[in-house]
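1. What would the 3D arrangement of this be:
(one chain, ligands or ions: 1)
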Amino acid sequence: MKSKIFVMDHPLIQHKISLLRDKGTGSKEFRELTSEIAMLMCYEATRDLPLKEVEVETPVAVAKTKVLSGRKLAFIPILRAGMGMVDGVTALIPAAKVGHIGLYRDPNTLKPVEYFSKLPTDIAERDVIILDPMLATGGTAVDAVEMIKKNKPKSIKFMCIIAAPEGINALSKVHPDVPIYCAAMDKSLNDHGYIVPGLGDAGDRIFGTK
Ligand code: URA
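-> I've put the predicted structure just below:
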């Protein structure tokens, strides 16, 4: 089995990603675009949320209509670039909780080390969407899913803006039950682990640290 892959290539998303890729785009605009793209992607990634019928009195008559049927969500950005996607998704789903996870690979043991983790206490009742703008080698994504799975959420989706084939293959191989939502699939990785053509270091561009 392989993960389901959703490529959200809506014209608005494609347009905004072109602006995001441009090296001349400064931090303020980069942050705004990241947030807007995350919001548009969230709209698609939540297409399967269940609904229930309700009756609402309009000024004219009673309407049989639908509302979300109480499914609880948690967004979990991977530190630090994932933070750039939080405003966009919570603007769309303000009732969602936000957890945070930060990890790195120990260069000696090559084992993942969690340097920060704060997840909602009721995560076992929630559907989780992990946020990271770049799915490059997939190493961090694989480790993050592994760690979040230990807390037994109801389900996990992975949402990134740009994915490399290497990252998709790695995540999908280890966690085939986790669907991957991306907005663009790029060619490859370079020797430094950057996605080509990509957009550079998403964290540095969001936070202006370069
Ligand atoms: N992380 C980034 O921010 N950019 C890449 O190209 C790869 C990983």
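
2. Check the secondary structure at the closest residue to Cys42 other than its chain neighbours for me.
-> The shortest distance from Cys42 to any non-neighbouring residue, by C-beta to C-beta, 6 or more residues apart in numbering, is to Val89 (4.3 Å). Quick note: C-beta positions are derived from backbone N, CA and C, even for glycine. Classification of Val89 using DSSP: H, G, I helix; E, B strand; the rest coil returns helix.

3. same thing with the one 5 residues further on?
-> Secondary structure state of Pro94, per three-state DSSP, is coil.

4. go on, Glu32?
-> helix.

5. how about the helices in this protein?
-> Along the chain, counting by DSSP state H, helices occupy 11-21, 27-45, 86-92, 139-149, 165-174, 202-207.

6. With respect to Asn108, which of those lies nearest?
-> helix 139-149 (15.5 Å; C-beta to C-beta).

7. Next up, phi/psi of the most far-flung residue of the chain relative to its centre, please.
-> When distances are taken from the C-alpha mean of the chain, Val60 lies farthest, 41.0 Å away, according to C-alpha atoms, centre = their mean. Here is the backbone geometry of Val60 (degrees, to the nearest 10): phi -110, psi -40.

8. returning to what we had before: what's the local residue count around the residue nearest to Cys42?
-> 25 (other C-beta atoms under 10 Å).

9. The one 4 residues further on too?
-> By other C-beta under 10 Å, the residues close to Ile93 number 16.

10. any idea how far it lies from the ligand?
-> Using C-beta to the nearest ligand atom, to the nearest Å, we find Ile93 at a distance of 25 Å from the ligand.
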